[in-house]
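Participant: what's the 3D shape of this:
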Amino acid sequence: MIAIKVNQKDHHILENVTLQTFVEQLKIETNGIAIAINNAVIKKADWSSRLLQNNDDILIIKSTQGG
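Facilitator: Modelled structure (predicted):
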């Protein structure tokens with residue numbers, strides 16, 4: 001197991017989990033979100049190849065509409 005932080009909440013996950021798999025496990029809508037790992041934005045096209053590492057700090061931002 002590895003420890004990661006998502007939006008300042010601790011999570012423990014198995015090793016060798018991709019960002020794509022983790023997002024699917026969270027069951028969040030992927031349209032309109034941006035994800036940064038350790039302050040670097042990860043392109044959606046790279047989610048399936050980006051393996052999460054111990055102590056990764058993940059920030060998930062959801063865009064909102066308004067005026």
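
Participant: who's in contact with Glu29?
Facilitator: By C-beta atoms under 8 Å, 6 or more residues apart in numbering, the contact list for Glu29 is empty. C-beta here means a position set from N, CA and C on the backbone, and glycine is covered the same way.

Participant: one more: Ile60?
Facilitator: Contacts for Ile60 (C-beta under 8 Å, 6+ apart) come out as 6-7, 23, 28, 33-35.

Participant: ok, 7 Å please
Facilitator: Residues near Ile60 by C-beta atoms under 7 Å, 6 or more residues apart in numbering: 6-7, 33, 35.

Participant: Asp57 now?
Facilitator: By C-beta under 7 Å, 6+ apart, Asp57 lies in contact with 5, 38.

Participant: quick one, helices of the chain?
Facilitator: For the chain, the helices defined by DSSP state H cover 19-26.

Participant: could you list the low-pLDDT ranges of it?
Facilitator: 65-67 (pLDDT under 70).

Participant: hmm, 80 instead?
Facilitator: For the chain, the stretches with pLDDT under 80 are 64-67.

Participant: okay then, goodbye and thanks.
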